[in-house]
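**Q** quick check, what structure comes out for this input:
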Amino acid sequence: MKKNIAILMGGYSSEFDISIKSGNVVYKHLDKNIYEPYRVHITKDSWYYINDNEEKTIIDRSDFSLQLNGAKITFDAAFNIVHGTPGEDGLLQAYFELIGIPQTACDFYPAALTFNKRDCISALRPYGIPTATNYFLNKGDVINPKAIIDKVGLPCFVKANKAGSSYGVSKVKEEKELLSAIDIAYKEDDEIIIESFLSGTEVSVGVITYKGKDTVLPITEIVSENDFFDYEAKYLGKSQEITPARLNEDDEKKVKDLALKVYQTLKMKGFSRSEYIFHNGEPHFIEMNTNPGFSEASILPQQAIAAGISLKELLTNTIQEATKGNS
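**A** Model prediction:
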């Protein structure tokens with residue numbers, strides 16, 4: 001008998017449309033010989049199943065079920081591909097744990113921790129993970145541009161603390177640009193992280209749980225046409241994403257070992273994609289994505305294919321890992 005799989009997509013953040021694209025790619029490539037997929041849109045107003053005719057049926061959130069043609073549909077697992085809140089910050093993970101339905105992303109605490117860039121960096125530093133120099137701001141704090149620049153230098157990056165897909169990110173080259181960059185970041189979040197500029201090769205490293213083993217995928221080198229790997233570079237083709245990355249053997253080993261250490265230190269499961277910049281010859285951790293993009297333009301699917309793993313196989317493995325121990 002086929003297992004019913006809810007493919008969760010959408011969410012409450014600026015990444016809604018990107019998540020819908022990712023969810024539809026999962027729907028397209030999921031092995032329909034063994035799974036019965038149901039696209040479920042997660043929105044602020046409602047959660048609903050949407051069929052191939054774009055007809056909507058509301059999800060009963062008390063037990064995550066729906067009524068179709070007079071029958072109650074329940075789910076064997078949820079494929080969580082919601083970027084941003086509530087799919088990447090631990091809220092959906094906690095919900096599904098409470099009602100006893102497996103979901104494919106990491107557990108709720110690692111999700112919440114990694115979604116908060118400041119907390120994630122603070123948790124990793126005691127383990128010897130190199131990072132940029134940081135300055136933190138909360139909305140309402142007194143802003144002292146001189147103190148910020150004295151600490152992080154110029155140029156620097158101003159980022160919304162809890163946002164993805166490079167929303168709310170600015171590169172600041174002169175002190176006069178700092179306040180407007182902070183305003184942009186505050187439109188996405190009430191917490192801000194300001195980072196020193198790291199100069200060097202940028203790479204993205206996918207680590208997944210594959211056939212029961214933590215596995216580092218081929219590395220992707222990011223070469224942006226813009227000043228940094230912003231929204232346009234990620235999604236509008238203004239970057240080169242070179243897989244495998246053009247790294248020498250020593251550098252490749254360094255960043256693979258570091259990415260695996262980060263994955264295991266944070267007790268990750270399922271998909272992850274972390275970003276690093278080689279600064280003064282050493283990879284520095286930037287951030288971790290626990291529900292990375294899964295559209296045709298996304299990095300993790302490219303890396304899996306480079307590793308010889310088809311998308312169908314990758315998705316099947318992800319569900320199998322999530323449902324281990326469940327009948």
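**Q** need the helices for this structure, in chain order.
**A** 16-29, 91-99, 108-115, 117-124, 145-152, 178-186, 231-235, 249-265, 299-306, 311-322 (DSSP state H).
**Q** JSON lines for those helices, including mean pLDDT?
**A** Shown next, in JSON lines, are the helices of the chain (pLDDT from 0 to 100):
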{"stretch": "helix 16-29", "mean pLDDT": "96"}
{"stretch": "helix 91-99", "mean pLDDT": "98"}
{"stretch": "helix 108-115", "mean pLDDT": "96"}
{"stretch": "helix 117-124", "mean pLDDT": "95"}
{"stretch": "helix 145-152", "mean pLDDT": "96"}
{"stretch": "helix 178-186", "mean pLDDT": "95"}
{"stretch": "helix 231-235", "mean pLDDT": "47"}
{"stretch": "helix 249-265", "mean pLDDT": "98"}
{"stretch": "helix 299-306", "mean pLDDT": "95"}
{"stretch": "helix 311-322", "mean pLDDT": "97"}
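**Q** quick one: closest of these to N161.
**A** Nearest to N161, of all those, is helix 117-124, at 5.2 Å by Cβ to Cβ. C-beta here means a position set from N, CA and C on the backbone, and glycine is covered the same way.
**Q** for the closest one, packing partners?
**A** Counting contacts by 3 or more Cβ pairs under 8 Å, 6 or more residues apart in numbering; DSSP states H and E, helix 117-124 is packed against helix 108-115, strand 134-138, strand 191-196, helix 249-265, strand 282-289.
**Q** let's have the ones you listed in CSV, adding distance to D150.
**A** Supplementary listing: these in CSV, determined by distance: least, Cβ to Cβ, whole Å:
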stretch, distance to D150
helix 108-115, 29
strand 134-138, 9
strand 191-196, 11
helix 249-265, 29
strand 282-289, 21
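**Q** as a markdown table, these with distance to K324 and mean neighbour count would be great.
**A** Listed next are the helices and strands packed on helix 117-124 as a markdown table, based on distance: least, Cβ to Cβ, whole Å; neighbours: other Cβ atoms under 10 Å:
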| stretch | distance to K324 | mean neighbour count |
| --- | --- | --- |
| helix 108-115 | 17 | 22 |
| strand 134-138 | 37 | 17 |
| strand 191-196 | 35 | 22 |
| helix 249-265 | 18 | 17 |
| strand 282-289 | 23 | 22 |
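**Q** out of those, nearest to K28?
**A** strand 282-289 (21.4 Å).
**Q** ok, back up a step: who wins for proximity to G84 among the helices and strands packed on helix 117-124?
**A** Nearest to G84, of all the helices and strands packed on helix 117-124, is helix 108-115, at 8.2 Å by Cβ to Cβ.
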